[in-house]
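1. Okay, predicted coordinates and the sequence, questions at the end:
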Amino acid sequence: MTIITKAACIGGGVIGGAWAARFALAGIDVNIFDPHPEAERIIGEVMANAERAYGMLTMAPLPPRGKFTFCKSIEDAVEDVDWIQESVPERLPLKRGVITEIDAAARPDALIGSSTSGLLPSDLQAEMKHPERMFVAHPYNPVYLLPLVELVGGKKTSPETIRRAEAAVAEIGMKGVVIAKEIEAFVGDRLLEALWREALWLIQDDICDTETLDDVMRYSFGMRWAQMGLFETYRIAGGEAGMRHFLAQFGPCLKWPWTKFTDVVDLDDALVEKIGAQSDAQAAGRSVRELERIRDENLVGIMHALKAGDGGKGWGAGKLLADFEKRLWAKGGDQSKTYDASRPLRLVDTKVNAAWVDYNGHMTEHRYLQLFGDTSDALLRLIGVDFAYVQAGHSYYTVETHIRHLGEAKPGQALYTTLQLLRVDEKRIHFFTSIHDAASGDVIATAEQMMLHVDAKAGKSVPAPAEVMAKLTPIAEAHAKLPPPEGAGRHVGQRR
Ligand SMILES: CC(C)(COP(=O)([O-])OP(=O)(O)OC[C@H]1O[C@@H](n2cnc3c(N)ncnc32)[C@H](O)[C@@H]1OP(=O)(O)O)[C@@H](O)C(=O)NCCC(=O)NCCSC(=O)C[N+](C)(C)C
């Protein structure tokens, strides 16, 4: 059952805007209320980044993008929605007032999450009429990519609310982690604050500069944390004797005077200037927008790597991505899309991800095959060979592929694919796919391929059923009237 069909975002800054993008990319319409005069522009920019990131993150069929409606009041925004996410500035009286206003106007069964980084949900729900449906839903930036949400109930939050919230965030590709007891700053920000305090002392005391500190993290334990966190990493560090041995060996060191983090560094003008100047030097002229794009590409790369982890089953955030993609495949994407069969079908639009590029600076070979495969998958969905069809035991397998490379594809370049059926019968689909540069339409690669309809359990080709043929045949008949694509039937060794 779909838990969120419509959402509202109250506050549309960096966090609120990214929540809106997360909802919209999961196909959920979003009402937005933000009195900032440039709210629409800011959210539009966040959405553009989010769409770019999803273009790299997954080839699973996304649902039609949810619509944004900018509302004039909180009341208008929250009326008749299933989930309301509050992301206004971090001041208790302001947040409490906004949440009380949301509570008065929202349906009594609507869930109300707060993005607060540290305020107690009990304090936020103090003046609500229906406090049982309010909780903290603390995300991490960029919310459209990082999947974690800390779910924290207050004294009056019902367990049913937390259960519903956990199921709802799973539907939008997130991992809801339920925090057992409410404390200020929950779990994530507690940990970050400890690190942040220590880091500020290290800069203040000239032990290192900001770049050195970041290097220490990103070339070492930062990579460990992304995939195993702290305790699982330390379990391994304990060797065969495991965690108990690790605690016995390194526990006593905690009494050594290593850290200063319970003292608060004086963030005076001199320290602010020092950190500001070191950070400027570290950025080397790159704008925040450029850094955001680099961050998003790296995060996508990490999630892809984790998706292949644990022998292909997926690990951590990568397993979550794999599970989300399974749900997207099962839903089958945008069913409302129509295709014009009087020309080759335009099936995939994408951009060359930086991770697809080889040492020659252009898209590497296997990524072409990936795009051809994504295109044949899109054709199969169109003729009803979707997730449910495959689960039921039949599919199409590719048995032959002939690729030609006619031009280069550079990082960031927009591409689209078109597919022309050459010949079909009950067992075979013979087709020709072209990858085009989106700006000029020029063909930069082609593939001529043959797929066979198979009984997957038997591992044998079998005729496709009438319902598949009924969708395939009209396209094949329309495509038979088109001129054969240039290059169809070529073999390696022929002169161009
Ligand atoms: C199971 C398998 C696909 C087919 O095995 P089979 O049943 O033993 O098949 P036959 O060899 O008997 O062939 C059946 C009929 O099809 C004709 N055929 C076979 N190959 C071709 C070809 N390249 N071109 C034209 N025709 C072909 C053959 O002549 C037979 O015709 P009849 O008239 O006599 O019936 C098996 O081959 C297999 O498992 N192959 C491996 C498939 C695979 O793993 N592919 C990679 C996966 S990538 C992919 O599938 C991508 N995607 C589609 C999911 C996007």
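-> Everything's here; your move.
2. List, one by one, the residues from the stretch 301-450 of the chain near the ligand.
-> Selection of the stretch 301-450 of the chain residues close to the ligand by Cβ under 6 Å from any ligand atom yields 373, 376-377, 396-400, 427-428, 450. (Each C-beta comes from the backbone N, C-alpha and C, glycine too.)
3. which stretches of the stretch 201-350 of the chain have low pLDDT?
-> By pLDDT under 70, the stretch 201-350 of the chain has no low-scoring segment.
4. can you rerun that using 80?
-> For the stretch 201-350 of the chain, residues meeting the criterion pLDDT under 80 lie at 261, 332-337.
5. How are the helices of it distributed by residue range?
-> Remark: helices assigned in the stretch 201-350 of the chain by DSSP state H, counting those that start in this stretch are 210-216, 222-228, 231-237, 242-250, 269-283, 288-307, 317-331.
6. sorry, back to before: need the residues of the stretch 301-450 of the chain next to the ligand in a markdown table (columns: neighbour count).
-> Shown next, in a markdown table, are those (neighbours: other Cβ atoms under 10 Å):
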| residue | neighbour count |
| --- | --- |
| G373 | 18 |
| S376 | 23 |
| D377 | 19 |
| Y396 | 24 |
| Y397 | 12 |
| T398 | 15 |
| V399 | 12 |
| E400 | 10 |
| K427 | 14 |
| R428 | 17 |
| M450 | 17 |
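7. Now for those: which two are most distant?
-> Maximum pairwise distance among those (Cβ to Cβ): 19.9 Å, between G373 and K427.
8. D437 is nearest to which of the helices of the stretch 201-350 of the chain?
-> helix 288-307 (20.8 Å).
9. Please compute how far that closest one lies from its chain's middle.
-> Relative to the centre of its chain, helix 288-307 is centred 10 Å away, using Cα atoms, centre = their mean, to the nearest Å.
10. Give me the angle between that helix and helix 269-283.
-> Taking axes from the mean of the first three to the mean of the last three Cα atoms, to 10 degrees, one finds that helix 288-307 is oriented at 70 degrees with respect to helix 269-283.
11. if we look at helix 288-307, which residues are touching it?
-> 49, 52-53, 56-57, 142, 145-146, 226-227, 283, 286, 314-319, 321-322, 353-355 (Cβ atoms under 8 Å, 6 or more residues apart in numbering).
12. Now with 6 Å, please.
-> The contact list for helix 288-307, computed with Cβ atoms under 6 Å, 6 or more residues apart in numbering, reads 53, 56-57, 145, 226, 314-318, 321-322, 354-355.
13. For ChimeraX, what selects the buried ones among these?
-> Command for ChimeraX that selects the buried part of the contacts of helix 288-307, burial taken from 16 or more other Cβ atoms under 10 Å:
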select :53,56,57,145,226,314,315,316,317,318,321,322
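14. What is the nearest of the contacts of helix 288-307 to the ligand?
-> The nearest member of the contacts of helix 288-307 to the ligand, counting by Cβ to the nearest ligand atom, is A322 at 16.4 Å.
15. pretty sure E86 is touching S114, no?
-> Yes - under the criterion of Cβ atoms under 6 Å, E86 makes contact with S114 at 4.7 Å.
16. one step back: mind picking the lowest-pLDDT entry from the residues of the stretch 301-450 of the chain next to the ligand?
-> In terms of pLDDT, the lowest of those is D377, showing 93.
17. Would you mind pointing out the helix or strand it falls in?
-> helix 365-382 (DSSP states H and E).
18. For that helix, buried residues please.
-> By neighbour count with 16+ other Cβ under 10 Å, helix 365-382 contains the buried residues 367-368, 371-382.
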